[in-house]
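Q: this one's sequence-less:
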């Protein structure tokens, strides 16, 4: 009788281990998939920025500092993405978003840009990309929350480390990131008017996962 009880206990324990392991694998894969969706959008944004700078520099020759800030911020974001460190990535992407908002704000003083379809198309694409990034970030953080809860609650927490599962870090973003960068032509000077200096952009923006050249999903802490 005793050995029957022992066998039943062993079967129950093994069954629990299998179900727990499979559940953790599923949650981890979903989190990594969510991260990869952000990565796609960040790559798209990084690829669009050189075209944006090339398009506007002929009309904004006096705004060299603004253009250089965007170019340098993009380079720093790509370099941060290669580190795989979510904190560094988020900080670099926030600076990049801030520099883009500054560029869009300054562009309001150049009405000739309004007639350039390449500029408006790039602006619309970047805006759509920001929207997708916001959605992807929320989706990723939701998966991270669910996965980390599994790791931190009993009895799963007793075996998760031994099975090789580690927590993922949340992707944090500044409050200003909720404002999608847009170009408003409502207050532009009339054609022929002299161009003024750019206005101050909103606060910093989007953080994100690895940029082009990164090695995939975020590191587990």
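A: Structure received. Owing to the predicted nature of the structure, the values given are computational and were not obtained by experimental measurement.
Q: Show me what the strand or helix carrying residue 52 is packed up against.
A: Taking DSSP states H and E as the criterion, residue 52 maps to helix 2-56. Contacts defined by 3 or more C-beta pairs under 8 Å, 6 or more residues apart in numbering; DSSP states H and E place helix 2-56 against helix 64-83, helix 86-107, helix 117-152, helix 157-160. Where you see a C-beta, it was placed from the backbone N, CA and C, and this is true even at glycine.
Q: Now the weakest link among those helices, please, by mean pLDDT.
A: Ranked by mean pLDDT, the helices and strands packed on helix 2-56 bottom out at helix 86-107, which scores a mean of 86.
Q: Could you quantify the relative orientation of that helix and helix 117-152 as an angle?
A: Put simply, helix 86-107 runs at 160 degrees to helix 117-152, going by axes from the mean of the first three to the mean of the last three C-alpha atoms, to 10 degrees.
Q: mind checking how far stretch 164-171 is from the chain centre?
A: Centroid separation between stretch 164-171 and its chain, computed with C-alpha atoms, centre = their mean, to the nearest Å, is 17 Å.
Q: what does stretch 34-45 give?
A: 7 Å.
Q: likewise stretch 3-11?
A: For stretch 3-11, the distance to the chain centre is 50 Å (C-alpha atoms, centre = their mean).
Q: What mean pLDDT does it get?
A: pLDDT averaged over stretch 3-11 gives 86.
Q: ok, now stretch 25-34?
A: Stretch 25-34 shows a mean pLDDT of 93.
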